[in-house]
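Chemist: using only what follows, build the 3D model:
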Amino acid sequence: MNTINLVMIVIIFVVLVYYWKKDRIDNRSKIEKSIEYMLILSAVLSIAVLSILEQSILFYTSKFFDTHSMWYFFTGTQWSADAINGAKFGAVPLFLGTMVVALIAMLVAVPIWGIVGYLFE
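Modeler: Residues are numbered from 1 along each chain as shown. The predicted structure is shown next:
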C-alpha cells in the first residue's frame, strides 16, 4: 500500500476510536448514535475501497507502460490488441471517436434546447 493511504486509514481509525470512546453527556438516543457510527463506517469503507482501487489502477498502469511506450500511447494512430502481430495501443482514435460523438450529440441537443427555451418563454 502507498504510505499516504496507510496514514489516511490510520488517521480515520483514530478518529473512529475517539468517537467510540469519548463520553458525551447529552440526550441523543441510541438509534441516532448507531446511525452516526454507520455513517462513519460507510465513509471509512468508501475511502478504503477507493484507496484499493487507486493502488490497483496504478499497479497495472505501471506494468502496461513498462512494456509499451507512453509516447506511442498518446500519439499513436492504431489500436490493435492482436498479440500475434504485435499489439499496438495508440489512443488517438479513441480520443477522436469521443470528440466526434460529443460533437454529434451537441449538434442534436443544442437546437432542441433552443427550441424548448423559445417555446417556454
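
Chemist: domains in this protein, by residue range?
Modeler: Per the record, the chain has its domains at 1-67, 69-121, by automatic domain parsing.

Chemist: quick check: buried residues in stretch 78-92?
Modeler: Residues of stretch 78-92 classed as buried by neighbour count (16 or more other Cβ atoms under 10 Å): 89-90. Quick note: C-beta positions are derived from backbone N, CA and C, even for glycine.

Chemist: now do the same end-to-end measure for that stretch.
Modeler: Stretch 78-92 has its terminal residues 8 Å apart, counting by Cα to Cα, to the nearest Å.

Chemist: give me the number of residues near residue 73?
Modeler: Other residues within reach of residue 73, judged by other Cβ atoms under 10 Å, total 16.

Chemist: need phi/psi at it.
Modeler: phi -60, psi -40 (degrees, to the nearest 10).

Chemist: mind starting the numbering at 30 from now?
Modeler: All right, first residue 30 from here; so that's residue 102.

Chemist: and the gap between it and residue 123?
Modeler: Using Cβ to Cβ, to the nearest Å, we find residue 102 at a distance of 10 Å from residue 123.

Chemist: quick one on the thing from earlier: worst mean pLDDT among the domains of the chain?
Modeler: Least confidently modelled of these is domain 30-96, at a mean of 77 by mean pLDDT.

Chemist: secondary structure element holding the spatially most central residue of the chain?
Modeler: Per Cα atoms, centre = their mean, the C-alpha nearest to the average position across the chain is that of residue 79, at 7.5 Å. Element membership for residue 79 (DSSP states H and E) is helix 59-96.

Chemist: tell me what that helix is packed against?
Modeler: The contact analysis (3 or more Cβ pairs under 8 Å, 6 or more residues apart in numbering; DSSP states H and E) places helix 59-96 against helix 32-50.

Chemist: repeat that with 10 Å
Modeler: On a contact count with 3 or more Cβ pairs under 10 Å, 6 or more residues apart in numbering; DSSP states H and E, helix 59-96 meets helix 32-50, helix 99-104.
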